[in-house]
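J.: A structural model of the following input is requested.
(2 chains)
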Amino acid sequence: MQFLTWLLGRGFGRERQRSIPVHESNRPAPGLLEARAAAEVRARRLLLRLLDPAQRLEFERYGYFAVRVPGRGKFWILPSRVFNVLHSATGHSYCGTPQTEIPLSDLMLAQKLLLENNPELFFAVANHRLELVPGSTPEHSLPERVMRARRSPSRTRTRWSEVSMIPQVNRPR
Amino acid sequence: MKILRILDSSGDRVIAFDDSAAAITARAQARALFQRMLATGSTAFKVNRGDGKPDEKVTDFTALENETVIVPRIVGG
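T.: You can find the predicted model right below:
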């Protein structure tokens, strides 16, 4: 402990902090945000061009769209990076994404193409979880409900293991 | 003119080629890229086919039509 105090007192910690170049910190490099925004604009333009008219209308109105998967029914593709493929019949959401980083609209396009034309591949690799209990919500409002739940701040949960089991001692007043 | 559109971090990368004799090199490069992408787990789809034809998965370079979208290998998230 004394050694640590001595080390910090000599400014080792400060020196190390100062020596980290700006581009190595958590802040994005200059121009990166602009490049990402431009990529998203380009991807969105491509997605809009390749959606069918009903999907385009739904996407422009709500930000998500439905696809029909042969033999499995209707799925919604939500504007989210994880667990964004929602099955209308079961309430399960699926997460399958390209290995390389791509804009969100490209992700939605990739999922549309896979679900409509090669669903076996998508379901073979995608992870899934139960998002909503089937029947608890009218089908047409499932995507809105999931998106609203994801936007709301998460509640702090306490696990049983975090609760102290040491009994409190009542001090006499 | 045929287009290969590879989804990437910039949105997409476009490779254009055609079946003319003048475009032999461009076509060879496109074929090599197409085959390399599929070999590494990417999936290609014919899109924007006209006449109301639906999109379709494609694995053969000679079967490519006007526009093809290549989706990089997908993994469980």
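J.: interface residues of chain B facing chain A?
T.: B:5, B:7-12, B:41, B:43, B:45, B:47-48, B:54-57, B:69, B:71-77 (C-beta under 8 Å from any C-beta of the partner chain). Every residue, glycine included, has its C-beta placed from N, CA and C.
J.: what do you get if the cut-off is 10 Å, keeping everything else the same?
T.: B:5-12, B:40-48, B:52, B:54-58, B:67, B:69-77 (C-beta under 10 Å from any C-beta of the partner chain).
J.: tell me the confidence at residue 32?
T.: Here I'm looking at chain A. If you check residue A:32, the pLDDT there is 87.
J.: the chain in question should be chain B.
T.: 96.
J.: what residues are up against it?
T.: residue B:61 (C-beta atoms under 10 Å, 6 or more residues apart in numbering or on different chains).
J.: show me what counts as buried in the host helix or strand of it.
T.: Residue B:32 belongs to helix B:24-39 when assigned by DSSP states H and E. Within helix B:24-39, the residues scored as buried using 16 or more other C-beta atoms under 10 Å in any protein chain shown are B:27, B:30, B:33, B:34, B:37, B:38.
J.: who does whichever helix or strand comes after that helix pair up with?
T.: As assigned by DSSP H and E, the chain's next helix or strand after helix B:24-39 is strand B:43-47. With DSSP bridges as the test, strand B:43-47 is paired with strand B:56-58 (antiparallel), strand B:67-71 (antiparallel).
J.: residue B:43 and residue A:143, how far apart?
T.: Counting by C-beta to C-beta, to the nearest Å, the separation of residue B:43 from residue A:143 is 25 Å.
J.: kindly reformat the strands paired with strand B:43-47 as a markdown table containing mean pLDDT.
T.: Below are the strands paired with strand B:43-47 laid out as a markdown table (pLDDT from 0 to 100):
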| stretch | mean pLDDT |
| --- | --- |
| strand B:56-58 | 97 |
| strand B:67-71 | 97 |
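J.: for residue B:9, give me its contacts.
T.: A:35, A:36, A:39, A:43, A:100, A:101, A:102, A:103, A:106.
J.: just the CA coordinates of the top helix by length along chain A, formatted as PDB?
T.: Identified as the longest helix of chain A according to DSSP state H is helix A:32-50. Extracted in PDB, the C-alpha atoms of helix A:32-50 (Å, rounded to 0.1, in the frame of the first residue of the first chain):
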ATOM      1  CA  LEU A  32     -15.400   8.600 -37.900                       C
ATOM      2  CA  LEU A  33     -18.900   9.800 -36.900                       C
ATOM      3  CA  GLU A  34     -19.300  11.600 -40.200                       C
ATOM      4  CA  ALA A  35     -18.200   8.400 -42.100                       C
ATOM      5  CA  ARG A  36     -20.700   6.300 -40.100                       C
ATOM      6  CA  ALA A  37     -23.500   8.700 -40.800                       C
ATOM      7  CA  ALA A  38     -22.700   8.800 -44.500                       C
ATOM      8  CA  ALA A  39     -22.600   4.900 -44.600                       C
ATOM      9  CA  GLU A  40     -26.000   4.800 -42.900                       C
ATOM     10  CA  VAL A  41     -27.500   7.200 -45.400                       C
ATOM     11  CA  ARG A  42     -26.100   5.100 -48.300                       C
ATOM     12  CA  ALA A  43     -27.400   1.900 -46.700                       C
ATOM     13  CA  ARG A  44     -30.800   3.300 -46.000                       C
ATOM     14  CA  ARG A  45     -31.100   4.400 -49.600                       C
ATOM     15  CA  LEU A  46     -30.300   0.800 -50.800                       C
ATOM     16  CA  LEU A  47     -32.700  -0.700 -48.300                       C
ATOM     17  CA  LEU A  48     -35.600   1.600 -49.400                       C
ATOM     18  CA  ARG A  49     -34.900   0.600 -53.100                       C
ATOM     19  CA  LEU A  50     -34.900  -3.100 -52.400                       C
END
